[in-house]
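Trainee: okay, here's the prediction I keep looking at, along with the sequence it came from:
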Amino acid sequence: MKKIGIIALGLFACMAFTTVDYPIDGYETTGIKRLKRLQLAKDGKLPDAGLPLGAYRSIKDIKLHLLSRKQDNNAQLLVEDAGLQKKVDALFPKLHRSYSVTILDITDPARLRYAQQNATSGYQPGSVGKLVVVTALFDQLQKLYPDSWEKRVALLRSKTVKGGNWVLTDEHTIPVFDVTTNTLVKRQAVASDVFSLYEWADHMLSVSNNGAASVVWREALLMAAFKDKYPTMAQEDADAYFKNTPKTDITELAITLVNEPLRDLGISEEEWRLGSFFTRGANPYVGSKGGSIGSPLGLMKWMLQLEQGKVVDEKSSLEIKRLIYMTDRRIRYAQAPELKEAAVYFKSGSLYKCDRVKDASCGKYRGNVYNYMNSVAIIEHPDGKNYMVCLMTNVLGKNSAGDHLVLASKIDRLIREP
């Protein structure tokens with residue numbers, strides 16, 4: 001741990017960061033136990049968590065960069081920059097339709113640089129759709145407590161809910177840290193799990209747990225259904241609601257509440273929508289409708305307005321940005337070596353399908369029917385170079401994680417070129 005201490009001191013000297021790191025210092029505010037483990041690891045009381053330098057930003061250093069452009073709309077800001085577009089055209093030949101990308105350099109808020117390739121192409125968003133769910137959660141919290149941010153945070157921290165069948169089944173593990181014994185277990189979520197809303201949201205975003213996503217969506221649904229009665233409602237109330245309310249009515253409300261916030265941001269149905277829950281365990285209670293789709297343009301509009309403080313409101317935008325700050329293992333795009341010292345706000349998603357009659361060797365992340373892999377990232381370098389990327393691919397028969405990593409390196413160099 002001496003090495004970590006030296007690194008942390010160097011980071012402080014170079015970047016004027018505070019001595020307590022986010023989201024490790026977020027434990028006292030959020031009650032997310034995973035963060036307590038990181039604090040103990042940083043203090044040398046537990047083994048090193050092995051995080052890159054870019055994961056040690058202070059909570060006070062996580063900011064929204066485009067508040068000064070809050071009055072400008074998507075069309076005004078997403079205007080192609082000729083110089084950057086020329087570089088992107090060379091990187092992504094137009095004939096290669098399996099790749100789509102949007103890139104926005106926000107280093108200078110007064111002079112944004114935007115470029116794209118196949119920006120309106122539609123893809124199955126996979127786990128990137130969890131950004132829609134967290135948006136819906138904060139939208140419902142705002143409706144519950146329109147005049148009190150403190151009450152919203154208090155509810156996220158204090159309201160504990162049981163996962164139930166909604167978490168079943170998902171191969172993604174969750175980190176379960178016991179603050180009494182200081183022991184960590186990584187395992188699949190089970191029906192008996194009880195966590196706070198904050199912890200379910202963290203499981204959904206930090207490790208992309210599908211069961212957690214279904215639970216968070218369920219709780220946003222219950223907020224919409226019960227309104228001001230939600231904070232004090234019991235498990236029995238929720239069970240009765242799902243038992244006695246027509247499934248078609250529940251489905252209509254569930255789909256509406258996650259998609260309306262996107263429409264309020266000027267993101268059309270064809271640019272981004274969510275149509276089904278993330279686990280089969282939700283199927284007895286709520287149906288699907290309209291299918292799910294995402295496009296690099298739709299996702300870029302969301303990131304842009306997150307930085308403008310327009311996703312629900314300014315405080316919600318900032319808190320969502322904190323929740324997607326990468327302090328777990330970086331994968332795919334976020335794993336690029338050029339990003340080690342950068343703060344990375346990230347969500348990845350994938351979905352594949354195999355026809356083993358066509359190819360018996362077809363396997364995980366190598367689908368030959370479809371093979372979607374998507375990366376959404378906000379990158380902030382210590383020297384102030386900041387940009388956003390949405391990369392969506394559908395390359396059949398190949399695990400595209402390596403492609404995403406390589407392209408992350410190339411895009412970073414491209415952005416940083418004078």
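Mentor: Structure received. Residues are numbered from 1 along each chain as shown.
Trainee: got any ranges where this protein has weak pLDDT?
Mentor: Low-confidence segments of the chain, defined by pLDDT under 70: 1-25, 94-95.
Trainee: what segments of the stretch 1-150 of the chain are helices?
Mentor: With DSSP state H, counting those that start in this stretch as the criterion, the stretch 1-150 of the chain has helices at 2-15, 27-30, 33-42, 74-77, 82-91, 130-144, 149-158.
Trainee: highest average neighbour count across those helices?
Mentor: helix 130-144 (a mean of 23; mean count of other C-beta atoms under 10 Å). (Each C-beta comes from the backbone N, C-alpha and C, glycine too.)
Trainee: give the contact list for Thr248.
Mentor: Gly287 (C-beta atoms under 8 Å, 6 or more residues apart in numbering).
Trainee: re earlier: out of the helices of the stretch 1-150 of the chain, which comes closest to Ser375?
Mentor: Taking C-beta to C-beta, helix 130-144 is the member of the helices of the stretch 1-150 of the chain nearest to Ser375, at 12.1 Å.
Trainee: could you export the helices of the stretch 1-150 of the chain as CSV, including distance to Met300?
Mentor: Below are those laid out as CSV (distance: least, C-beta to C-beta, whole Å):
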stretch, distance to Met300
helix 2-15, 27
helix 27-30, 28
helix 33-42, 29
helix 74-77, 9
helix 82-91, 13
helix 130-144, 12
helix 149-158, 27
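Trainee: the ones you listed: which one's closest to Trp302?
Mentor: Closest of these to Trp302 is helix 130-144, at 6.6 Å (criterion: C-beta to C-beta).
Trainee: CA atoms only: put that closest one into PDB for me.
Mentor: Below are the C-alpha coordinates for helix 130-144, written out as PDB (Å, rounded to 0.1, in the frame of the first residue of the first chain):
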ATOM      1  CA  LYS A 130     -29.700   1.100 -18.000                       C
ATOM      2  CA  LEU A 131     -29.000   4.800 -18.500                       C
ATOM      3  CA  VAL A 132     -32.600   5.100 -19.400                       C
ATOM      4  CA  VAL A 133     -33.600   3.400 -16.200                       C
ATOM      5  CA  VAL A 134     -31.500   5.600 -14.000                       C
ATOM      6  CA  THR A 135     -32.900   8.600 -15.800                       C
ATOM      7  CA  ALA A 136     -36.400   7.400 -15.000                       C
ATOM      8  CA  LEU A 137     -35.500   6.800 -11.400                       C
ATOM      9  CA  PHE A 138     -34.400  10.400 -10.900                       C
ATOM     10  CA  ASP A 139     -37.300  11.700 -12.900                       C
ATOM     11  CA  GLN A 140     -39.700   9.900 -10.500                       C
ATOM     12  CA  LEU A 141     -37.800  11.200  -7.500                       C
ATOM     13  CA  GLN A 142     -38.100  14.700  -8.800                       C
ATOM     14  CA  LYS A 143     -41.900  14.200  -9.200                       C
ATOM     15  CA  LEU A 144     -42.100  12.900  -5.600                       C
END
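Trainee: right, and Asp105 touches Arg113 too?
Mentor: Yes: applying C-beta atoms under 8 Å, one finds Asp105 in contact with Arg113, separated by 3.9 Å.
Trainee: name the residues contacting each of those two.
Mentor: Counting by C-beta under 8 Å, 6+ apart, the residues touching both Asp105 and Arg113 are 81, 84.
Trainee: need the nearest residue in space to Leu46, chain neighbours excluded.
Mentor: In this structure, Leu46 finds its nearest non-sequential neighbour in Leu40, 4.4 Å apart by C-beta to C-beta, 6 or more residues apart in numbering.
Trainee: so the one you found sits against Pro47, correct?
Mentor: No: using C-beta under 8 Å, Leu40 makes no contact with Pro47, being 9.5 Å away.
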